[in-house]
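Novice: Predicted model and sequence below, questions to follow.
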Amino acid sequence: MFSSRFRWDLQPNRLTGLLAAKRRAGARILDLTESNPTRASVAYPAETLSALQDPRVLIYEPAPAGAAQARQAVASYYRARGLSLDISRILLTASTSEAYAYLFKLLANPGDQVLVPRPSYPLFEFLAHMESVETRQYPLVYHGAWSIDLDALRGALTDRTRALVLVNPNNPTGSYVKRHELEALVRLCAERSIALISDEVFSDYALAPDESRVETLAGVEECLAFSMSGLSKIAGLPQMKLGWIVASGPEGLRREAFQKLEWIADTYLSVSTPVQCAAARLLQVGDDVQRQIRERCAANLAAAREALAGSAGNILAVEGGWSITVQVPQIRSEEEWTLELLDREDVLVHPGFFYDFETEAFLIVSLLTPPAIFGEGLHRLRAFL
């Protein structure tokens, strides 16, 4: 009766089951996985609410690519970062997840393939399969720092590869694409007529400056490229449901791609009028939220390094984003690590296999966690180690 897209096991995993049981029993859980800024004790400016009090919200004027004033607000965001963009290159979506769906529709036929990074956020397979597209993985490798295995990436290409996905910086490794990597990927994609898709939602959260890194692909000219971001991360407002796609590349190809994206968007018209009217002000007040999150992440990273110094837990190098990866001894599986931490210490972390780490044992911790919970949780983690 139902579509074959639903090919996954929908039963809760063991960690989810144990967490639910402990919460029913009234346990106080130290959740070190919190990635929702609206539940992480972030102080939102009062202007966040007043931004929605605009009389234009009562008028519906559908525009497939998004309202001009909202797209101009996005262009201003990039201008503040040194990049001038015409709004004819910006298309609004309800989220980056929807942006992926639009781009997979644009670029791939059923059965075609997109390359996605491993390890990374466990969403690509679901989004791709919902569009009847297959995913193939290329590895990120760690040798004191993360990098793209370019040889393995080339080996993963097939005649049905239509797009190459970058997450910049990657989640959860916190690693940025480097300039020499991007140069190689642009050449490869131009030669093979493959599009680049760059998820840049964490781009503003670098932990230190680095001239070698790439912050956005919005300036790429040699191949078709799409940059995505949105209010969810850059303004800490996931509930506002506003994302965007910036199209780049050779002019003729870019214009054709954008025209087709507008046609897809016109089919759904999903972006709400209120958030489009409020976009400029939400981006402005988001600067303060972003500052708080950057300070939180930097302070928690320093606390984590201090808490785990000299222990059996090794924090892998991280450049940005909201997460850290802690390598722990392979005396038990990642699943056993996370289950025992939760069962015995009431500390919730994620196992590396949630993010498709190829080897064990790694634990993923969110730097967005409120400091008091983070500090106590790391203290218990060290004691458990």
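Specialist: Sure, I can see it. Residues are numbered from 1 along each chain as shown.
Novice: Give me the contact list for stretch 25-34.
Specialist: Defining contact as C-beta atoms under 8 Å, 6 or more residues apart in numbering, one finds that stretch 25-34 is touched by 19, 22-23, 40, 342, 345-350, 364-366, 368-370, 373-374, 376-378, 380-381. From N, CA and C alone the C-beta is placed, and that goes for glycine too.
Novice: per-residue confidence averaged over stretch 109-129?
Specialist: The predicted model assigns stretch 109-129 a mean pLDDT of 95.
Novice: That one spans what distance, first to last residue?
Specialist: Start-to-end span of stretch 109-129 (C-alpha to C-alpha, to the nearest Å) is 12 Å.
Novice: got it, and stretch 224-238?
Specialist: 28 Å.
Novice: Equivalent analysis for stretch 316-326, please.
Specialist: For stretch 316-326, the end-to-end distance is 6 Å (C-alpha to C-alpha).
Novice: same check, this time on stretch 30-37
Specialist: First-to-last residue span, stretch 30-37, C-alpha to C-alpha: 16 Å.
Novice: Work out the gap between it and the centre of the chain.
Specialist: With C-alpha atoms, centre = their mean, to the nearest Å as the basis, stretch 30-37 stands 15 Å off its chain's centre.
Novice: of the contacts of stretch 25-34, buried ones?
Specialist: 19, 22, 40, 342, 345-350, 364-366, 368-369, 373-374, 376-378, 380-381 (16 or more other C-beta atoms under 10 Å).
Novice: Filter these down to just the ones in strands.
Specialist: 347-348, 350, 364-366 (DSSP state E).
Novice: May I see those organised as a markdown table, with distance to residue 207 and pLDDT added?
Specialist: A markdown table is the format used below for those (distance: C-beta to C-beta, whole Å; pLDDT from 0 to 100):
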| residue | distance to residue 207 | pLDDT |
| --- | --- | --- |
| 347 | 24 | 98 |
| 348 | 24 | 98 |
| 350 | 20 | 98 |
| 364 | 16 | 98 |
| 365 | 15 | 98 |
| 366 | 14 | 98 |
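Novice: Out of these, the closest to residue 212 would be?
Specialist: In terms of C-beta to C-beta, no member of those lies closer to residue 212 than residue 364, at 25.1 Å.
Novice: Spatially nearest residue to the closest one (excluding sequence neighbours)?
Specialist: Using C-beta to C-beta, 6 or more residues apart in numbering and skipping residues adjacent in sequence, the residue nearest residue 364 is residue 350, 4.2 Å away.
Novice: List of residues touching stretch 66-85?
Specialist: For stretch 66-85, contacts defined as C-beta under 8 Å, 6+ apart pick out 61, 65, 86-87, 90-92, 215-216, 218-219, 234, 242, 244, 246, 265, 271, 273, 275-277, 279-280, 283.
Novice: End to end on it, go ahead and measure it.
Specialist: For stretch 66-85, the end-to-end distance is 15 Å (C-alpha to C-alpha).
Novice: let's number from 25 now, not from 1
Specialist: Taking 25 as the first residue, the last one we looked at is stretch 90-109.
Novice: returning to that earlier point: in strands only, show me the contacts of stretch 90-109.
Specialist: Among the contacts of stretch 90-109, the members falling in strands (DSSP E) are 114-116, 268, 270.
Novice: quick one: which of the residues you listed is nearest residue 211?
Specialist: residue 270 (21.0 Å).
Novice: Much appreciated, bye for now.
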